[in-house]
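Colleague: whatever this is, show me its structure:
(one chain, ligands or ions: 1)
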Amino acid sequence: MGSIVDLPQIIGDRLDRLRETLLLRDGIFIGGEWTSGSSNERLDVLNPSTGQIIASVACATDVDAHRAIVVANDVMREWSARTATERADVLMRWYQLLLDNVDDLATILTAEQGKPLSEAKGEIAYSAAFVRWYAEEARRSYGDVIPTNRAGRRLFALRQPVGVVAAISPWNFPALMIARKVAPALAAGCGVVLKPPSEAPLSALALAELGHRAGLPPGIFNVVHGQPEIVGPVLTSSPLVRMLTFTGSTEIGKLLMAQSSTTVKRLALELGGNAPFIVFDDADIEMAVRGAIEAKFRNAGQTCVCANRLIVHSSVREEFVSQFVSAVGKLKVGDGFDPDVTIGPLIDEAAVAKVERHLHDATSQGATIAHGGHRHSLGGTYFEPTVLVGVKSSMDVTREETFGPVAPVLDFETEEEALALANSTESGLAAYFYTRDVGRVFRVGEALEFGVVGVNTGAISYEGAPFGGVKESGLGREGSRHGLDEFTELKYLCVDGI
Ligand code: NAP
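Modeller: Next up is the predicted model:
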């Protein structure tokens, strides 16, 4: 099967502006070939900005998923036997192709996910940066030479690829969440079978197409789009799959963790967050407002590191809220292809329903809306960026991840109180705080029970830094040299008789 470029429904829905139409794929990708799989089932992909169907993508069956695993396992022998430099060269070509095609890839991403085109371009550039980082790190995957415990004996710890990796990714970053799993896995010498999100699989398919063109050996990176209840159990139960790397909700992460226990797989889980954003009384308020806008409203509030609770010292609350509401008022909601738009639609109706439930729960317990609070007049799944004040820690909006454009503001009086509020969650992904007191930077930075902490910034992402959660936000790290180690096993080699 080829591509979907001749389907009439995509014309007029922005995908007609693609320079390289063959990046649009509607098949599953196994062994370096596009196929419709062993059933005729397909799933529609909608543009959340318009509600239009933009593609209909083939679904893998359990037979297809199993075939992809076997192929990845076979091809891995040859790929892992190559030198690190040879693997790095292929990854560098993939990196370059991602950059060369950034406009098309961003167009596909915005069409299937809804985020503003400028954010989509940023996501593609950041995805490429991960591929480059791991192309470089492939050549620095060192083991250890261990001082011997006996004459005539030498001891080593070798890093070897963990084996076939199953990757499952979410819709909120349809390209990035794949790049930061697949690039290190391939750099380490592993084969990969990816299940992309049903809501936004087209970016994954375009990435696979470019990886193929870059010279990845056929079968080393396979994409099995399909029903999660069919593909998921094959990936988690296969003894050939030695590792599962998953990004998504904590609920599904726990399910996959349980399923993987029968074959004792290595797990890397990037799960949900509930990020506190603390503004101390000595903070630079203007800077805190800029950071809060970035940390709260990027991707319409649909990121795992989104500020979910703004915890503001009572003495600066009025000033902060006034400046924050004014900045929120300048955000523009609309179709991501409109160059002025800063907030796209939510992914689907269920996402809007969750936002409405949180607002209803908060206002019925006494919180008040300082800005927004309603579905946007554009209709569909557009929602007004919203600021809630008078929020209490008993409200759902602070206890659950809203995953939408709602900023709840809570008050505090003391540093201890702010820390207690911030840490009172089973999640532990990202946290932010603003202060100019250097002692507090370390006291609070060390006391926050989160894997990633931003001080005086709302934008912490960098491919060279370790990213991941504690508590129920997950296991393992993505990015940095640690992100490569996740895909390797340490083998102890004891050589005697020298
Ligand atoms: P989700 O519902 O957990 O889905 C994530 C992926 O898991 C999708 O590919 C989904 O497939 C698949 N899936 C769902 N049920 C499955 C099953 N029974 N077996 C196998 N796979 C299954 O999460 P989401 O709504 O897409 O993403 C939002 C969540 O991801 C939020 O909680 C967010 O915080 C979290 N997230 C975390 C990070 C991080 O780095 N920690 C980054 C981004 C997002 P379908 O799409 O086909 O259902």
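Colleague: quick one: Val70 and the ligand, what's the gap?
Modeller: According to CB to the nearest ligand atom, to the nearest Å, Val70 and the ligand sit 19 Å apart. All C-beta spots, glycine's among them, are computed from the backbone N, C-alpha and C.
Colleague: and that residue, how many neighbours does it have?
Modeller: Counted by other CB atoms under 10 Å, the residues lying close to Val70 total 17.
Colleague: contact partners for it?
Modeller: Counting by CB atoms under 8 Å, 6 or more residues apart in numbering, Val70 touches Leu240.
Colleague: ok, now Arg132?
Modeller: Arg132 touches Leu91, Met92, Tyr95, Glu463, counting by CB under 8 Å, 6+ apart.
Colleague: now distance to Val131 too, for those residues, in a markdown table please.
Modeller: Below are the contacts of Arg132 laid out as a markdown table (distance: CB to CB, whole Å):
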| residue | distance to Val131 |
| --- | --- |
| Leu91 | 6 |
| Met92 | 8 |
| Tyr95 | 4 |
| Glu463 | 9 |
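Colleague: just the ones in helices from those residues, please.
Modeller: Leu91, Met92, Tyr95 (DSSP state H).
Colleague: identify the residue spatially nearest to whichever residue of the stretch 301-450 of the chain sits closest to the ligand, adjacent ones excluded.
Modeller: Across the stretch 301-450 of the chain, the shortest distance to the ligand (CB to the nearest ligand atom) belongs to Cys304, at 3.2 Å. Computed as CB to CB, 6 or more residues apart in numbering, the closest residue to Cys304 that is not its neighbour in sequence is Gly273, at 4.6 Å.
Colleague: that neighbour: which element?
Modeller: Using DSSP states H and E, Gly273 maps to neither a helix nor a strand.
Colleague: and it, what are its phi and psi?
Modeller: With angles defined as degrees, to the nearest 10, Gly273 sits at phi -130, psi 180.
Colleague: isn't it up against Ala307?
Modeller: No. With contact defined as CB atoms under 8 Å, Gly273 does not reach Ala307; the gap is 9.7 Å.
Colleague: before we move on, back to that, can you pick the most crowded of the ones in helices among the contacts of Arg132?
Modeller: Going by other CB under 10 Å, Leu91 tops the ones in helices among the contacts of Arg132 with 27 neighbours.
Colleague: distance of that one from the ligand?
Modeller: 21 Å.
Colleague: thinking again about what came up before, turn the ones in helices among the contacts of Arg132 into TSV, including pLDDT and distance to Thr402.
Modeller: Shown next, in TSV, are those (pLDDT from 0 to 100; distance: CB to CB, whole Å):
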residue	pLDDT	distance to Thr402
Leu91	98	37
Met92	98	40
Tyr95	98	35
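Colleague: from the contacts of Arg132, which is closest to Asn47?
Modeller: Of all the contacts of Arg132, Tyr95 has the smallest distance to Asn47: 28.0 Å, by CB to CB.
Colleague: that closest one: what's it in contact with?
Modeller: Ala128, Val131, Arg132, Ala135.
Colleague: out of these, who's the most crowded?
Modeller: Within those, most neighbours by other CB under 10 Å means Val131, with 30 neighbours.
Colleague: ok, it - contacts?
Modeller: Here Val131 is in contact with Leu91, Trp94, Tyr95, Leu98, Ala179, Ala183 (criterion: CB under 8 Å, 6+ apart).
Colleague: what does the stretch 251-400 of the chain have sitting close to the ligand?
Modeller: Ile252, Leu255, Leu256, Glu270, Leu271, Gly272, Gly273, Cys304 (CB under 6 Å from any ligand atom).
Colleague: out of those, which sit inside helices?
Modeller: Those of these lying in helices (DSSP H): Ile252, Leu255, Leu256.
Colleague: which of those count as buried?
Modeller: Buried residues within these, counting neighbours by 16 or more other CB atoms under 10 Å: Ile252, Leu256.
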